[in-house]
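**Student:** What follows is a predicted protein model with its sequence.
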Amino acid sequence: MKIGKKIYLATFVNLGLIIVISTFAIYSFNQISTKFRFTVIADKLNASFLEMRLLEKNYFLYGDKEELLEIRKKAQETDVTLNNMRAEILKAVGKDKFLQIKEFLHDYYKLVSLGIASNKRDIQTRTKFRQAGHKLERFSEDITDLGRQHVLEIIDKTSRVMGHSLWIVIIFAFLFSLFIVRTIRQSLHRIVDLTKSISKGNYQKIDTAPPANEMGAVIIAINSMAEELSKREQAIVQSRRLASIGVLVAGVAHELNNPLNNIAIIAQTYSEVYDQLDKAQRIGFMGQIEEQTERLQKTIKNLLDFSKPKDPQLMERDINEVFQHSLELVQNVLTVANIKSRLLLEDNLPDIYVDEHQFQQVLVNIMINATQSMKAGGELTVRTNFIKDKDEVEISITDSGNGIAPEFLDHIFDPFFSTKEDSGTGLGLWVSYGIVTKHKGRIKVNSTVGQGTTFSITLPTSKKFKEYANGQL
Amino acid sequence: MANYSILILDDEKIVCDMMKLSLEQEGYEVESFLTGDAALKRLKEKKFDMVVTDLKMKGIDGLEVLRTVKQLYPQTSVIMITAFANLDVAIEALREDVHDFFPKPIKIKDLKESIRKALH
């Protein structure tokens, strides 16, 4: 579910809860006010009854008939009040209690009417009066108390229910906020990891199961960006390879010209001496022509192999062999530029995981750069050695060229940085840097102006590489 | 035809062999070498009438051989052969008093013609 939708839903749930609680509160207050209005009425009734009792007492003390007439008037008034307040009283104490009090009042009224007619003040009459009056008074007090108690109960219940409901709303809101924050944070972490990994040039590690929310959409966008970047980097790598070929071709022309020349010379000599040759010698001449064509084929194949784009493929290889193949490619360029090569390759190096095709490009690129810095010829030293305590293989290429100015050293692996005024896209070393990093290796440069430059590449042995891949390092 | 002596220097063995065979057909006395070192060593021992050398080689190159020959035996003619049809190199070679300059692939007929002109 989308995060926005979740937030809307939770807000609606919370709103619903608040509406329910508010409705309950309004209902409760209504009830309280009803009950409270009843207690006001009950108090009034009580006062009337007490007044009637006082008049009753006075009548029996002094025998003034006026008192009885007054009681009757009061009783009639009270009955009117009861009828007027019927609805409130019914709501507060129910129909039974209402009828009962009416009955008690009626009984009392009857006694008063009888008293007016007979004018009796004997003990019997007095006891009857007292009993009926007492009943009325007691009952009235009882229902007043009951009303008050109801008010208290409702207030209690309301405050309890509202207190609990508020807690539920608060807890729900809190848990929901926590949940949303967690969801967003988790996704943000994934996005940060993803972008970090991409910025390191690791375009393969795309997020395969993006969540189905807004963050997922961001992850999907980043994934497709990584794919695009990967395609573009491949294009740059290929264009660099083609640029290297431009330089290699000058050397390759020499390498092609020599066997062609040989074939030409063999053919010309063959025609000249044909008559003096026996069958075996003639076959020998032809064999030599064939040898030269094989040499041509090999040169062309090397160049084609180097120029063809290939999918990256890591294999366990002996770095010395990779080095030798790269040297074969640039050998003619070195010869043309009058550069001597010196190989100091340590024997029995542990294998490394390497994409030979890509790595050749790194070595060829560095060696061509070296050649271009030795315009007047010089010496190129290539070295390999095993660093046992780090379980790494170090490869270094040293030239005796012009060197690189210190202010440029920090930038030579930057894209589009070039010190070559006329040629150079400034991508060669940047591409090399990327390739070495993908091999979990490091590349660094040391240079002294006027003395030369050394590029060193350190690569983990295949054993260490596997540990990297398994996440043990 | 007098027995003129010719030294051939090329790091391609097949070139040495073929040129030797071909020039011997013409009655020249031919010695061939694969490295500048070996050729210079022999040149110090013996004067040749003609030196045919490749220009670009590992170690001592054709220009160095040319200079040594001209220093030791100013009369000896030098013919330069190279796979690089590069004008700058040709100019430099000619300035160093080279008799002729052949880009690869060479025509043996032309080479022989050039040698004949130089020696006769």
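**Tutor:** That came through, no problem. Bear in mind that the values here come from a model prediction, so they are computed numbers and not experimental data. Residues are numbered from 1 along each chain as shown, chains lettered A, B, ... in the order given.

**Student:** Show me the helices in the stretch 151-300 of chain A, by range?
**Tutor:** Here the stretch 151-300 of chain A has its helices, by DSSP state H, counting those that start in this stretch, at A:214-273, A:279-307.

**Student:** Save those as a markdown table, and put in distance to B:G59 and mean neighbour count too.
**Tutor:** To be clear about C-beta, it is placed using only N, CA and C from the backbone, and glycine gets the same treatment. A markdown table is the format used below for the helices of the stretch 151-300 of chain A (distance: least, Cβ to Cβ, whole Å; neighbours: other Cβ atoms under 10 Å in any protein chain shown):
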| stretch | distance to B:G59 | mean neighbour count |
| --- | --- | --- |
| helix A:214-273 | 16 | 17 |
| helix A:279-307 | 21 | 14 |
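
**Student:** Which stretch among those approaches chain B most closely?
**Tutor:** Of all these, it is helix A:214-273 that lies closest to chain B, at 3.7 Å by Cβ to the nearest Cβ.

**Student:** Pull the distance from that closest one to the chain's centre.
**Tutor:** Relative to the centre of its chain, helix A:214-273 is centred 41 Å away, using Cα atoms, centre = their mean, to the nearest Å.

**Student:** for the record, mean pLDDT for that helix?
**Tutor:** Mean pLDDT, helix A:214-273: 82.

**Student:** Could you do stretch A:139-159 as well?
**Tutor:** 87.

**Student:** Same question for stretch B:77-95.
**Tutor:** 74.

**Student:** returning to that earlier point: quick one: which of the helices of the stretch 151-300 of chain A is nearest B:S5?
**Tutor:** helix A:214-273 (19.8 Å; Cβ to Cβ).

**Student:** Return the list of helices and strands in contact with the lowest-mean-pLDDT helix or strand in chain A.
**Tutor:** Each helix and strand of chain A was given a mean pLDDT (mean pLDDT, DSSP states H and E); the minimum falls on helix A:462-469 at a mean of 80. Secondary structure elements in contact with helix A:462-469, counted by 3 or more Cβ pairs under 8 Å, 6 or more residues apart in numbering or on different chains; DSSP states H and E, are strand A:352-354.

**Student:** So which elements touch the strand it packs on?
**Tutor:** Looks like strand A:352-354 contacts strand A:315-317, helix A:319-336, strand A:452-460, helix A:462-469 (3+ Cβ pairs under 8 Å, 6+ apart).

**Student:** Can I get these in a markdown table including mean neighbour count?
**Tutor:** Below are the helices and strands packed on strand A:352-354 laid out as a markdown table (neighbours: other Cβ atoms under 10 Å in any protein chain shown):
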| stretch | mean neighbour count |
| --- | --- |
| strand A:315-317 | 14 |
| helix A:319-336 | 20 |
| strand A:452-460 | 21 |
| helix A:462-469 | 16 |
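
**Student:** Please name whichever of these is nearest to A:N119.
**Tutor:** Per Cβ to Cβ, nearest to A:N119 of the helices and strands packed on strand A:352-354: helix A:462-469, 120.5 Å.

**Student:** Give me every residue in chain B lying close to chain A.
**Tutor:** For chain B, the residues in contact with chain A (Cβ under 8 Å from any Cβ of the partner chain) are B:12, B:14-15, B:18-19, B:21-22, B:25, B:56, B:58, B:61, B:83-84, B:104-109.

**Student:** Can you select the buried ones from these in ChimeraX?
**Tutor:** A single ChimeraX command selects the buried members of the residues of chain B next to chain A (16 or more other Cβ atoms under 10 Å in any protein chain shown):
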select /B:12,14,15,18,19,21,22,56,61,83,84,104,105,106,108
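
**Student:** Which of the residues of chain B next to chain A fall within helices?
**Tutor:** Among those, DSSP state H puts B:I14, B:V15, B:M18, B:M19, B:L21, B:S22, B:Q25, B:I108, B:K109 in helices.

**Student:** And for A:A212, the neighbour number?
**Tutor:** Neighbour count for A:A212, taken as other Cβ atoms under 10 Å in any protein chain shown: 10.

**Student:** Relative to B:H120, how far out is it?
**Tutor:** 95 Å (Cβ to Cβ, to the nearest Å).

**Student:** Quick check: phi and psi at A:E394.
**Tutor:** The phi/psi pair for A:E394 (degrees, to the nearest 10) reads phi -110, psi 140.

**Student:** Would you mind naming the residues that bridge with it?
**Tutor:** According to DSSP bridges, the residues that bridge with A:E394 are A:N385, A:T458.

**Student:** In this model A:I352 seems to touch it, though I could be wrong.
**Tutor:** No - between A:E394 and A:I352 there is no contact under Cβ atoms under 8 Å: 10.8 Å.

**Student:** who has more neighbours, the two?
**Tutor:** Of the pair A:E394 and A:I352, A:I352 is the one with more neighbours under other Cβ under 10 Å, namely 26 against 19.

**Student:** what's near enough to touch the closest residue to the more buried one other than its chain neighbours?
**Tutor:** Spatial nearest neighbour of A:I352, excluding adjacent residues (Cβ to Cβ, 6 or more residues apart in numbering or on different chains): A:L459 at 4.9 Å. Counting by Cβ atoms under 8 Å, 6 or more residues apart in numbering or on different chains, A:L459 touches A:I319, A:I352, A:V354, A:E392, A:V393, A:E394, A:I395, A:V436, A:H439, A:K440, A:G441.

**Student:** repeat for A:I397
**Tutor:** A:L363, A:I366, A:M367, A:A370, A:L380, A:T381, A:V382, A:R383, A:T454, A:F455.

**Student:** From these, list just the buried residues.
**Tutor:** The neighbour count (16+ other Cβ under 10 Å) marks A:L363, A:I366, A:M367, A:A370, A:L380, A:T381, A:V382, A:R383, A:T454, A:F455 as buried among the contacts of A:I397.

**Student:** Pick the one among the residues you listed closest to chain B.
**Tutor:** A:L380 (13.0 Å).

**Student:** That closest one looks like it's in a strand, true?
**Tutor:** Yes - counting by DSSP: H, G, I helix; E, B strand; the rest coil, A:L380 is located in a strand.

**Student:** my read: it touches A:L334, true?
**Tutor:** Yes - taking Cβ under 8 Å as the definition, A:L380 is a contact partner of A:L334 at 6.5 Å.

**Student:** shared neighbours, those two?
**Tutor:** The overlap between the contact sets of A:L380 and A:L334 (Cβ under 8 Å, 6+ apart) consists of A:K340, A:S341, A:M367, A:T371.

**Student:** Surely the last one touches A:Q331?
**Tutor:** Going back to what we said before, that points to A:T371. No - judged on Cβ under 8 Å, A:T371 makes no contact with A:Q331 at a distance of 10.9 Å.

**Student:** one step back: so which of the shared contacts of A:L380 and A:L334 are also by chain B?
**Tutor:** Contacts with chain B within these, counted by Cβ under 8 Å from any Cβ: A:K340.

**Student:** which two in the shared contacts of A:L380 and A:L334 are spaced the farthest apart?
**Tutor:** Greatest spatial distance among those (Cβ to Cβ): A:K340 and A:M367, at 13.0 Å.

**Student:** Return every residue with contacts to both of these two.
**Tutor:** Counting by Cβ under 8 Å, 6+ apart, the shared contacts of A:K340 and A:M367 are A:L334, A:L380.

**Student:** How about the residue positioned nearest the centre of chain A: what's its closest non-neighbour residue?
**Tutor:** Against the mean C-alpha coordinate of chain A, by Cα atoms, centre = their mean, the closest residue is A:S187 at 0.9 Å. The shortest distance from A:S187 to any non-neighbouring residue, by Cβ to Cβ, 6+ apart, is to A:M215 (3.2 Å).

**Student:** do the same with B:G36
**Tutor:** The shortest distance from B:G36 to any non-neighbouring residue, by Cβ to Cβ, 6+ apart, is to B:I60 (2.8 Å).

**Student:** What is the burial count for that neighbour?
**Tutor:** 17.

**Student:** again, but for A:K110
**Tutor:** By other Cβ under 10 Å, the residues close to A:K110 number 12.
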